[in-house]
Each structure stands twice: as C-alpha cells, then as structure tokens.
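Visitor: Give me the fold of what follows.
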Amino acid sequence: MNNITMHGSITVNGRTVVVHVGDGEATATVDGARFNVRSLWQLYQLLRLLV
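Guide: Here you go, the predicted model:
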C-alpha cells in the first residue's frame, strides 16, 4: 500500500497556515496553534474563519 503525504503552507490575512496530511493524520497549524482536521470540509471551515 502506498502512503501519500502532503505538506504545504499558505498565508491568509497575514496569518501563516501550515497543512500536513499523511501518516494517518491531518493537521493545520495557524501561527503555532495546531488543529486536527479530519476532512477537507473542516480545513475549508478553518480557512474561512481566518478570512
């Protein structure tokens, strides 16, 4: 079985969001605060809060 890992960052309204998906978990870090995101919908909602 192949493991897929994604890691990236984006800046939203001056706040840095780092996203890591892989290794059985998905997290988003906003200015050092870590959030578990279990779906793309939750990630989308987190980004909407920053806008």
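
Visitor: And for residue 28, the neighbour number?
Guide: Other residues within reach of residue 28, judged by other CB atoms under 10 Å, total 19. Where you see a C-beta, it was placed from the backbone N, CA and C, and this is true even at glycine.

Visitor: So for it, what's the pLDDT?
Guide: With respect to pLDDT, residue 28 has a value of 93.

Visitor: now the strands for the chain?
Guide: Assigned by DSSP state E, the strands in the chain fall at 6-12, 15-22, 25-30, 33-36.

Visitor: so can I have JSON lines of the ones you listed showing distance to residue 48?
Guide: Converted to JSON lines, these look like this (distance: least, CB to CB, whole Å):
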{"stretch": "strand 6-12", "distance to residue 48": "10"}
{"stretch": "strand 15-22", "distance to residue 48": "12"}
{"stretch": "strand 25-30", "distance to residue 48": "12"}
{"stretch": "strand 33-36", "distance to residue 48": "13"}
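
Visitor: Please name the bridge partners of residue 11.
Guide: For residue 11, the beta-bridge partners under DSSP bridges are residue 16.

Visitor: quick revisit: tell me which of the strands of the chain sits nearest to residue 50.
Guide: strand 6-12 (4.4 Å; CB to CB).

Visitor: Using CSV, write down the CA coordinates of the closest one.
Guide: C-alpha atoms of strand 6-12 as CSV (Å, rounded to 0.1, in the frame of the first residue of the first chain):
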residue,chain,number,x,y,z
MET,A,6,1.0,16.4,1.5
HIS,A,7,2.7,19.4,3.2
GLY,A,8,2.2,23.0,2.3
SER,A,9,1.7,26.5,3.6
ILE,A,10,-0.4,29.4,2.8
THR,A,11,-0.7,33.0,4.2
VAL,A,12,-4.3,34.2,4.9
